[in-house]
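Colleague: Have a look at this prediction, sequence included:
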Amino acid sequence: MNVVYFLVQLVIVLSNFGLSSQGNSKVKGLYKSTDDVFILNDVNFDKNVVNSESVWIVEFYNSWCGHCVKFSPKWKRFATDLKGWWPVVRVGAVDCAMDDNRDLCRRFDVKGIPTFRLFPIYSDEQFKGISYQSQDSELLEQAVLDVVINCTLYLDPPKIWPKLKPLSEMHEIWDETKDDHHYVAFVYEEPGSYLGTQVILDTLKYKHLLVRRMLKDSVKKFGVHKFPSVFLINRDGTFTEIAKKDHSRLGIVSGLTNLLTSEQLETGNQYLQLVPCNRPENDTDLTDNKQNGDRHNTRPAVYMRDLESTLHYSFRQEIALYRTIDGERLSALRQYINILVKYFPGREEVCGFLQKISEWLNTVDTEISGDQWVYTIDELQTVDNYLPDKIEWVGCAGSEPRYRGYPCGMWTLFHTLTVGAYDYVQKGPKDLKLDVLGAIQNYMKYFFGCETCVKHFLAMASKITLADKSPGGAVLWLWNAHNSANKRLSGDESEDPKHRKIQFPSDKLCTECNSADWDEEKVFDFLVKFYGKNEIVLPSDNTEEEDDGKTVSTALKENKDLDWWELHQRKKDLEKIRTLRQKKVDRLKRRKDSKFVQKSVITYKEGGVDEDLAALQEEISAQRLNGWVFSNVDMSMCIVFYVICTCLILLLYYHFIVRKKYRPFKFL
């Protein structure tokens with residue numbers, strides 16, 4: 001049995017390491033193990049967040065999203081500010097750009113990036129969290145405090161939590177006072193104030209200090225008329241006011257900590273060192289991966305690896321992220337696939353694969369799920385028609401994994417599609433039925449992950465004219481839109497310091513275009529050639545591209561069977577791993593004890609947080625019936641019945657066996 005268990009674990013470990021090289025699993029997120037942000041993923045999320053005794057606030061982000069890159073320092077500071085609130089509050093983050101986290105982000109229906117979810121204590125697997133879009137640190141902190149306060153009011157908080165509910169009488173504090181508490185203080189405040197809760201959590205790490213809160217109505221009889229205010233209870237029963245001049249949160253905390261000695265303050269620092277490590281339980285120290293673009297001669301050009309990597313991420317992350325694709329989103333997906341089939345300048349294997357997807361989508365009438373989408377595109381791949389199952393940036397490689405990558409690849413893909421549509425019209429029929437810019441606009445609206453990027457792009461797209469929709473007009477409109485985005489983001493925190501955002505094309509690429517005063521005719525000719533199919537640099541069998549950039553790799557054709565076999569073998573391995581993990585989950589569920597922890601159903605409304613206690617009771621009853629949760633009474637009855645049955649069996653045994661053999665009066 002131990003050998004089997006060892007082999008199962010070995011398969012899972014090898015799959016995590018071996019398969020991580022596929023896709024973009026090697027891409028590092030925006031947070032490191034040295035940050036105070038707890039790094040969550042598909043493996044450790046439920047272990048840490050589900051049924052947790054801490055309130056969690058989790059950021060769902062994309063590591064390639066420029067706005068997420070810009071926001072990450074603020075999230076790190078936010079996590080550091082709330083680090084001392086453990087074990088009441090934890091701050092985490094999930095990188096939805098990683099293949100391994102796709103199912104997790106789909107499970108929580110993550111759409112706008114970045115987005116935040118609040119999870120109260122004892123949240124179950126079905127609870128999706130309280131969605132919160134604001135990126136203001138103060139508002140996020142207030143949202144966390146709202147959940148914390150409501151957990152103390154409507155649930156039975158864990159014993160490791162401090163008492164955050166306001167005391168009604170002063171003498172109640174003596175029930176909590178211990179010998180370690182050298183200082184006992186009260187924060188008197190108005191109803192609805194967050195100050196007392198904040199101060200209690202801020203001073204939680206100092207074991208020599210006990211702070212509690214009381215509301216205005218409870219202390220009027222003691223002659224307290226100034227709110228907020230802080231009073232220290234002396235050993236002789238008298239009161240001393242603290243922070244008389246500064247009643248801010250910082251002033252009150254400073255006034256309280258000034259009472260402590262240096263040794264007592266050091267004890268608080270040692271407490272912070274006990275905060276659990278923020279590394280994922282299955283995570284290894286990811287080393288800096290030197291991107292493929294650093295190994296190639298990345299002269300300004302369009303690289304086929306970038307285009308195929310963009311399609312891979314688009315198909316397996318952004319589209320697959322949605323739980324349901326229907327209505328206008330399904331129409332946008334069809335439109336996107338159709339222009340890819342028509343104008344994507346790809347290799348024969350990829351174009352054949354896109355054609356199969358288009359034919360399948362035309363048979364879909366109502367809706368598809370993200371799981372169905374991934375399963376179907378896997379089934380449609382054959383040895384002759386497939387999309388390479390990896391992400392490898394060449395021309396779009398950044399100096400660090402968080403820079404460039406997918407956004408650069410998507411811009412490049414869009415440019416090649418507009419140029420492909422123009423070439424199609426020049427060589428074929430003059431009536432163009434497919435609206436390339438419309439398809440690009442709808443993809444951005446319904447699938448692109450960066451919410452801020454989508455807003456800016458749709459604002460530009462709202463000014464598209466009828467002339468812009470023509471094949472030639474689409475080429476120039478997208479070029480203008482790209483340069484406008486570069487101008488807006490130039491000098492931004494999300495900009496790659498080694499790849500500055502400039503006006504394209506540069507003087508080196510097109511001397512006749514004149515970036516100061518654009519000659520649109522020359523620019524148009526340059527774009528048609530630069531993004532044309534004949535100029536795309538194909539993968540070579542070497543680590544460096546040929547000077548002309550047009551050498552077709554013979555090794556690529558030889559490895560076609562290997563790529564297809566790897567894809568299907570990987571799918572089989574993943575199915576085995578999922579089966580093993582599901583069996584493990586089922587065993588753990590069967591071993592759960594009879595304790596049923598009451599959970600809160602909290603929904604955000606404009607005015608704050610409301611609790612529907614009746615719905616909560618219905619949910620508890622339903623979970624008891626559906627989950628076969630046995631109480632202590634049930635278990636006791638089982639034991640009683642077991643004892644009774646055992647006694648009956650012994651009596652029967654005595655009656656038919658023992659008594660039959662034992663005959664003291666044989667003559668009878």
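Modeller: Perfect, thanks for sending it.
Colleague: So which residues of the stretch 251-400 of the chain form strands?
Modeller: Shown for the stretch 251-400 of the chain, the strands assigned by DSSP state E, counting those that start in this stretch span residues 324-326, 367-369.
Colleague: how about these, which one is nearest residue 209?
Modeller: Minimum separation from residue 209 across the strands of the stretch 251-400 of the chain (CB to CB) falls at strand 324-326, 51.4 Å. The way it works is simple: take the backbone N, C-alpha and C, and place the C-beta from them, glycine included.
Colleague: what residues does that closest one touch?
Modeller: By CB atoms under 8 Å, 6 or more residues apart in numbering, the residues outside strand 324-326 that reach it are 319, 333, 366-370, 373.
Colleague: again with stretch 497-511
Modeller: 300, 398-399, 403-404, 479, 482-483, 486-487, 489-490, 492, 495, 513, 515, 522-523, 526, 530.
Colleague: Restricted to buried residues, select those in ChimeraX.
Modeller: Under the burial definition 16 or more other CB atoms under 10 Å, those of those that qualify are selected in ChimeraX by:
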select :398,403,404,479,482,483,486,489,495,513,523,526,530
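Colleague: So what's the residue count around residue 442?
Modeller: 20 (other CB atoms under 10 Å).
Colleague: Quick check: it is in a strand.
Modeller: No. Counting by DSSP: H, G, I helix; E, B strand; the rest coil, residue 442 falls outside a strand, being helix.
Colleague: these two touch, right, it and residue 334?
Modeller: No. Counting by CB atoms under 8 Å, residue 442 stays clear of residue 334, with 9.8 Å between them.
Colleague: on that earlier part again, between the strands of the stretch 251-400 of the chain, which one is nearest to residue 378?
Modeller: Closest to residue 378 of these is strand 367-369 (CB to CB; 13.8 Å).
Colleague: Who does the closest one pair with, and is each partner parallel or antiparallel?
Modeller: Applying DSSP bridges, strand 367-369 is found paired with strand 324-326 (antiparallel).
Colleague: where does the stretch 351-500 of the chain dip in pLDDT?
Modeller: Counting by pLDDT under 70, the stretch 351-500 of the chain has low-confidence residues at 428-434.
Colleague: for the stretch 551-668 of the chain, same thing?
Modeller: Using pLDDT under 70, the stretch 551-668 of the chain drops low at 551-578, 581, 584-585, 587-631, 658-668.
Colleague: Just say helix, strand or coil for residue 648.
Modeller: Recorded secondary structure, residue 648: helix (three-state DSSP).
Colleague: Tell me which residues touch it, please.
Modeller: Contacts of residue 648 (CB under 8 Å, 6+ apart): none.
Colleague: Quick one: the helices in the stretch 401-550 of the chain, in order.
Modeller: Applying DSSP state H, counting those that start in this stretch to the stretch 401-550 of the chain gives helices spanning 406-427, 436-446, 451-461, 471-489, 520-530.
Colleague: buried residues in the first one?
Modeller: Under the neighbour-count criterion of 16+ other CB under 10 Å, helix 406-427 has 406-424 buried.
Colleague: From residue 82, how far off is residue 91?
Modeller: 6 Å (CB to CB, to the nearest Å).
Colleague: TSV for the strands of the stretch 251-400 of the chain, including mean neighbour count and distance to residue 68?
Modeller: Conversion of those to TSV gives the following (neighbours: other CB atoms under 10 Å; distance: least, CB to CB, whole Å):
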stretch	mean neighbour count	distance to residue 68
strand 324-326	17	24
strand 367-369	16	26
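Colleague: Tell me if I'm right that residue 265 and residue 257 touch.
Modeller: Yes. Counting by CB under 8 Å, residue 265 touches residue 257, with 6.7 Å between them.
Colleague: any common contacting residues for those two?
Modeller: If you check residue 265 and residue 257 against CB under 8 Å, 6+ apart, the residues they both contact are residue 206.
Colleague: Distance of residue 130 relative to residue 638?
Modeller: From residue 130 to residue 638 the distance is 39 Å (CB to CB).
Colleague: out of those two, which sits in the busier spot?
Modeller: Using other CB under 10 Å, the more surrounded residue of residue 130 and residue 638 is residue 130, with 19 against 11.
Colleague: That one bridge partners, please.
Modeller: On the basis of DSSP bridges, residue 130 takes part in beta bridges with residue 118.
Colleague: Report pLDDT for it.
Modeller: The score at residue 130 is 91. That number is its pLDDT.
Colleague: I appreciate the help and will end here.
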